[in-house]
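A.B. asks: this one's structure only:
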């Protein structure tokens, strides 16, 4: 897996978004850099609360399989709380028959539809049937939506990043503040 930070590395977005004209490229880059700035601010806010957080910013992720996506992940250093969003081509998760395996050529990403989703997850220990158990729960789901053009998909991704940044600043950066009520 290779990642390139969009605001710093300015990677070619063709693997995830397909061919773009100059105007589309400029607008999409502007949206992604804005999303990166918002999530960087959220990361700084979380870190200022005293805990350790990590992020690579908004990145283009490419896999050996040919899968490509635009991602953001802001994660508490031990993985207990995560804020994430993804923009991916519609065939990112292929059927079993189309699944890539080593030795085959890389998959070609479809550039006629994109899915965008995200959320906030928390991982915590609890007791289930009187035994200790670790639960990972998505406490905020930013529901998956399908878009028919790359600009609309990028606008939706940037909007999700804005929502995630607001969420990150809405509560204390602790598991207790984000943990769902399991009563």
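C.D. replies: The structure has been received and is ready for your questions. Since we're looking at a predicted model, the values are computed, not measured. Numbers count the residues shown, from 1 in each chain.
A.B. asks: ok, the nearest residue to residue 107 once chain neighbours are set aside - how many residues close by?
C.D. replies: Closest residue to residue 107 apart from its sequence neighbours, by C-beta to C-beta, 6 or more residues apart in numbering: residue 66 at 3.6 Å. Quick note: C-beta positions are derived from backbone N, CA and C, even for glycine. Residues near residue 66, counting by other C-beta atoms under 10 Å, number 17.
A.B. asks: and residue 66, what does it touch?
C.D. replies: With contact taken as C-beta atoms under 8 Å, 6 or more residues apart in numbering, residue 66 is in contact with 15, 100, 105-109.
A.B. asks: and if you look at residue 165?
C.D. replies: Taking C-beta under 8 Å, 6+ apart as the test, what residue 165 contacts is 38-39, 41-42.
A.B. asks: Those in helices, which ones?
C.D. replies: The helices, defined by DSSP state H, take in 38-39, 41-42 from the contacts of residue 165.
A.B. asks: quick revisit: between the contacts of residue 165, which is closest to residue 1?
C.D. replies: Nearest to residue 1 among these, counting by C-beta to C-beta, is residue 39 at 19.5 Å.
A.B. asks: my guess is that closest one contacts residue 72, does it?
C.D. replies: Yes: using C-beta atoms under 8 Å, residue 39 is in contact with residue 72, at 5.3 Å.
A.B. asks: Can you get me the start-to-end distance on stretch 62-70?
C.D. replies: Distance between the boundary residues of stretch 62-70 (C-alpha to C-alpha, to the nearest Å) amounts to 9 Å.
A.B. asks: Give me the average confidence score over that stretch.
C.D. replies: Average pLDDT, stretch 62-70: 96.
A.B. asks: Over to stretch 24-31?
C.D. replies: Mean predicted lDDT for stretch 24-31 stands at 97.
A.B. asks: Show me the contact partners of it.
C.D. replies: 6, 10, 13, 17, 20, 150-151, 154-155, 157-158.
A.B. asks: List the buried residues of it.
C.D. replies: For stretch 24-31, a neighbour-count test (16 or more other C-beta atoms under 10 Å) marks 24-25, 28-29, 31 as buried.
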